[in-house]
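Undergrad: could you work out the structure for the sequence below:
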Amino acid sequence: MGMFFDVIDGLAARLLKVQSQMGKELDSLADIVSFGVAPAYLYTFVSPYDHWTMYIPSMFILIGSAIRLAIFNLKPDTKYFTGLPTPASSFFLIGLFIGVEFDSSIMQTLIDYPSIYVSIPIILMFLNLSKIKMLSFKQLGKNFNYNLFILFCIMTFAMLIMVNYKLAMPIGVIIYILLSIIYSIRFHK
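TA: Residues are numbered from 1 along each chain as shown. As a prediction, the model looks like this:
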C-alpha cells in the first residue's frame, strides 16, 4: 500500500502542480517508514536464527534507505535515478519475504545461510548509495529507446508473475538493475 500511495501522491502533486519542498520532505518521511522501517522489520522474520545478532542486517536496510532518501532530496530532478531507488529495494525484500513465507524452496534455501542473510542488506545498501543510473518510470513516453527498456522491464515482470509469483519480485528487481546498467552503458556514455 505504501508503494501505491507513494506513486499516487507524486502523480497528484505533478498533475495539480502543487509540488513543494515541504511536500518533498514529508514524502521522504513517509518513504522512510514504507521503504526503510517496514522492509527492515519484515526482513527479521526470515532470519535463519532467532538470535539478536540477526537483527543487525535489518539496520543496514534502514540506514541505506535513510541515506538514499536524504541524498535524493538534495539532488535536482533528473530523468533517471542515481542508485537503486528505495521502493525497488523494498520490492526485492518484500518478494524475498513472500518467497520464504509461501515456501519457495529456492528462497528458503538461500536465506538459511547466515552469510547470504547478512549479505543481502549490505548489497542493497551499496546499490542504494551507488552512482549507477537507474531507469525511472516517471520518464515514460519521452524517448523511444528508454520506453523500450521500461516496457521490457514491465513485460518481463508480468511473465515472471505468471511463471512463478514467489520469485517474481526479487528477480524483477534484479532484471531492473541489469537493464538500467545496460541502458546506462549503451545510451549514457
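
Undergrad: so which helix or strand takes in Phe157?
TA: Taking DSSP states H and E as the definition, one finds Phe157 inside helix 144-163.

Undergrad: helix or strand right after that helix?
TA: helix 165-187.

Undergrad: in that next one, what's buried?
TA: 166-173, 176-177, 179-180, 183 (16 or more other Cβ atoms under 10 Å). Backbone N, C-alpha and C define where each C-beta goes, glycine included.

Undergrad: same question for stretch 156-163.
TA: Of the residues in stretch 156-163, Thr156, Phe157, Leu160 count as buried by neighbour count, 16+ other Cβ under 10 Å.

Undergrad: ditto for stretch 85-101
TA: Judged by neighbour count (16+ other Cβ under 10 Å), stretch 85-101 contains these buried residues: 85-100.

Undergrad: and which of these is nearest Ile67?
TA: Within these, proximity to Ile67 (Cβ to Cβ) peaks at Thr86, which comes in at 10.0 Å.

Undergrad: give me the nearest residue to the closest one, chain neighbours excluded.
TA: Phe35 (3.8 Å; Cβ to Cβ, 6 or more residues apart in numbering).

Undergrad: which residue is nearest the centroid of this protein?
TA: Nearest to the mean C-alpha position of the chain, counting by Cα atoms, centre = their mean, stands Ala88 at 1.4 Å.

Undergrad: thought that residue was touching Tyr176?
TA: Yes. Using Cβ atoms under 8 Å, Ala88 is in contact with Tyr176, at 6.2 Å.

Undergrad: any residues in contact with both of the two?
TA: Shared contacts of Ala88 and Tyr176, defined by Cβ atoms under 8 Å, 6 or more residues apart in numbering, comprise Met134.

Undergrad: before we move on, the earlier item: give the contact list for the residue nearest to Thr86.
TA: Contacts of Phe35 (Cβ under 8 Å, 6+ apart): Gly2, Asp6, Ser65, Leu69, Thr86, Pro87, Ser89, Ser90.

Undergrad: at 7 Å what do you get?
TA: Taking Cβ atoms under 7 Å, 6 or more residues apart in numbering, we find Phe35 in contact with Gly2, Ser65, Thr86, Pro87, Ser90.

Undergrad: and the gap between the nearest residue to the second one once chain neighbours are set aside and Pro76?
TA: Beyond its immediate neighbours in the sequence, the residue positioned closest to Ser65 (Cβ to Cβ, 6+ apart) is Gly36, lying 3.3 Å away. Separation of Gly36 from Pro76 (Cβ to Cβ, to the nearest Å): 23 Å.

Undergrad: more neighbours: which of those two?
TA: In this view Gly36 and Pro76 are compared by other Cβ atoms under 10 Å, and Gly36 has more residues nearby, 24 against 4.

Undergrad: which helix or strand contains the nearest residue to Tyr113 once chain neighbours are set aside?
TA: Spatial nearest neighbour of Tyr113, excluding adjacent residues (Cβ to Cβ, 6+ apart): Pro48 at 7.0 Å. Per DSSP H and E, Pro48 falls between elements, in no helix or strand.
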